[in-house]
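**Student:** How does the following fold in three dimensions:
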Amino acid sequence: MERITLSTRRHASFRRTLNRLMAQRAREIASSHYEPGNRARCYKRVWLRYAATELGINYRTFLRYVKQPDDEIDEA
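**Tutor:** Take a look at the predicted model:
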């Protein structure tokens, strides 16, 4: 069992904050570039062109960030 120290608590807090910021940025990217019904601007293309290069996340993570509300991001 891992011993919880101050440094691991800080790391967990930092990770939650980073996840929240990345999810917010992923939603901004999706809202500005995604168009329903247009295959050239679907979620996969938006991720490939913008989110993968800017955020460095995979497609499933991008979808999770885009589809989940703000309050559920921290728990995932």
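**Student:** tell me which residues in stretch 54-62 are buried?
**Tutor:** Residues 55, 57, 61, 62 are the ones in stretch 54-62 that count as buried (16 or more other Cβ atoms under 10 Å). In this view, the C-beta of every residue, glycine as well, is placed from N, C-alpha and C.
**Student:** Check the offset of that stretch from the chain's centre.
**Tutor:** Put simply, stretch 54-62 sits 6 Å off its chain's centre (Cα atoms, centre = their mean, to the nearest Å).
**Student:** Dump that stretch to PDB, keeping only the CA atoms.
**Tutor:** Extracted C-alpha coordinates of stretch 54-62, given in PDB (Å, rounded to 0.1, in the frame of the first residue of the first chain):
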ATOM      1  CA  GLU A  54      -2.200  20.900 -29.000                       C
ATOM      2  CA  LEU A  55      -3.100  18.800 -26.000                       C
ATOM      3  CA  GLY A  56      -1.300  15.500 -26.700                       C
ATOM      4  CA  ILE A  57      -4.300  13.300 -25.800                       C
ATOM      5  CA  ASN A  58      -5.700  10.300 -27.500                       C
ATOM      6  CA  TYR A  59      -9.100  10.100 -29.200                       C
ATOM      7  CA  ARG A  60     -11.000   8.300 -26.400                       C
ATOM      8  CA  THR A  61      -9.700  10.900 -23.800                       C
ATOM      9  CA  PHE A  62     -10.800  13.700 -26.100                       C
END
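**Student:** still on that earlier bit, could you export the buried residues of stretch 54-62 as JSON lines, including secondary structure and pLDDT?
**Tutor:** Formatted as JSON lines, these follow (DSSP: H, G, I helix; E, B strand; the rest coil; pLDDT from 0 to 100):
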{"residue": "55", "secondary structure": "helix", "pLDDT": "93"}
{"residue": "57", "secondary structure": "coil", "pLDDT": "94"}
{"residue": "61", "secondary structure": "helix", "pLDDT": "95"}
{"residue": "62", "secondary structure": "helix", "pLDDT": "97"}
